[in-house]
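>>> Curious how this folds, go ahead:
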Amino acid sequence: MSANIRIHPTAEVSPRAHIGDGCRIWNNVHIREDVTLGRNCIVGKDAYIDFGVSVGDNCKIQNSALLYHGATLEDGVFIGPRACLTNDVRPRAINRDGSLKGNDDWEVGKILIRHGAAIGAGALVLPNVTVGRWAMVAAGAVVTRDVPDHGLVVGMPARLTGYVCADGTKLQQVDGQWRCPACGWVMPDPT
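Predicted structure coming up:
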């Protein structure tokens, strides 16, 4: 690992994880084997990143966030405190015969968080979901289906309530166009 990487002494980082230059990993973080963490990422206190998770460059994973096997984060993704990216479509502890489930007794559901998207504090993203580029998932939302690029979703289950600019400002609909009141950017027709 590069000397430009800071890992708190209480963090548990697998020697089989690839940690990019400029990363900062804080106390009590657990990063499993075969994780890829891009350059300049910040992983906050008590976060857990399961085996095989892929994280792009310049991502921020806040305190106590949980990213399970099957999750992929593109560049510039924000994961809020206590957010959870799940992976089991039909969770059970045991098989029909009462035996404890093992690695071969379930199917991983994938999650893709696209470039620049933000997952709010305490949000839950269920398996087999894609959150689009620059989309925003509100705090506490439960995402059960795909979120479009720039989409703003809230609630349980999460529902589309509008769109956001890359800077996070909610877009306003003016003359049939979605426009950012802060910078003037106009979103191409989302339909």
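>>> following the lowest-mean-pLDDT helix or strand in the chain, which helix or strand comes up?
Per-element confidence for the chain was summarised using mean pLDDT, DSSP states H and E. The lowest value among helices and strands belongs to strand 172-174, with a mean of 92. Using DSSP states H and E, the helix or strand that follows strand 172-174 towards the C-terminus is strand 177-179.
>>> Listing partners with orientation, what would you give for that following strand?
Here the strand partners of strand 177-179, with direction, are listed using DSSP bridges: strand 172-174 (antiparallel), strand 186-187 (antiparallel).
>>> highest average neighbour count across those?
Mean neighbour count (mean count of other C-beta atoms under 10 Å) peaks for strand 186-187 among these, with a mean of 16. (C-beta placed from N, C-alpha, C; glycine too.)
>>> how about low-confidence regions in this structure?
With pLDDT under 70 as the threshold, the chain has low-confidence stretches at 1-3.
>>> Swap in 80 and give it another go.
Within the chain, the segments meeting pLDDT under 80 span 1-3, 190-191.
>>> give me phi/psi at the residue of it positioned farthest from its centre?
Taking C-alpha atoms, centre = their mean as the measure, the residue most remote from the mean C-alpha position of the chain is D97, 34.9 Å away. For D97, the backbone dihedrals are phi -80, psi 0 (criterion: degrees, to the nearest 10).
>>> My read is that D88 contacts D105, right?
No. Using C-beta atoms under 8 Å, D88 is not in contact with D105; the gap is 10.4 Å.
>>> So if I had to pick from those two, which one is more boxed in?
Shown here are D88 and D105; by other C-beta atoms under 10 Å, D88 has more neighbours (16 against 11).
>>> Which strand residues bridge that one?
Here D88 sits in beta bridges with V108, as judged by DSSP bridges.
>>> And R24, by the same measure?
Beta-bridge partners of R24, counted by DSSP bridges, are R6, I42.
>>> Ok, K170 next?
Here K170 sits in beta bridges with V164, going by DSSP bridges.
>>> which ones are touching it?
Taking C-beta atoms under 8 Å, 6 or more residues apart in numbering as the criterion, K170 is in contact with 152, 162-164.
>>> Could you pick out the buried ones from those residues?
Among the contacts of K170, those classed as buried by neighbour count (16 or more other C-beta atoms under 10 Å) are 152, 163-164.
>>> now, among the residues you listed, which is nearest to V174?
For these, the closest approach to V174 (C-beta to C-beta) belongs to Y163, at 12.4 Å.
>>> From the rest of the structure, what touches stretch 133-145?
Looking at stretch 133-145 with C-beta under 8 Å, 6+ apart, the contacting residues turn out to be 74, 80, 114-126, 129, 131, 147-158, 164-166, 168.
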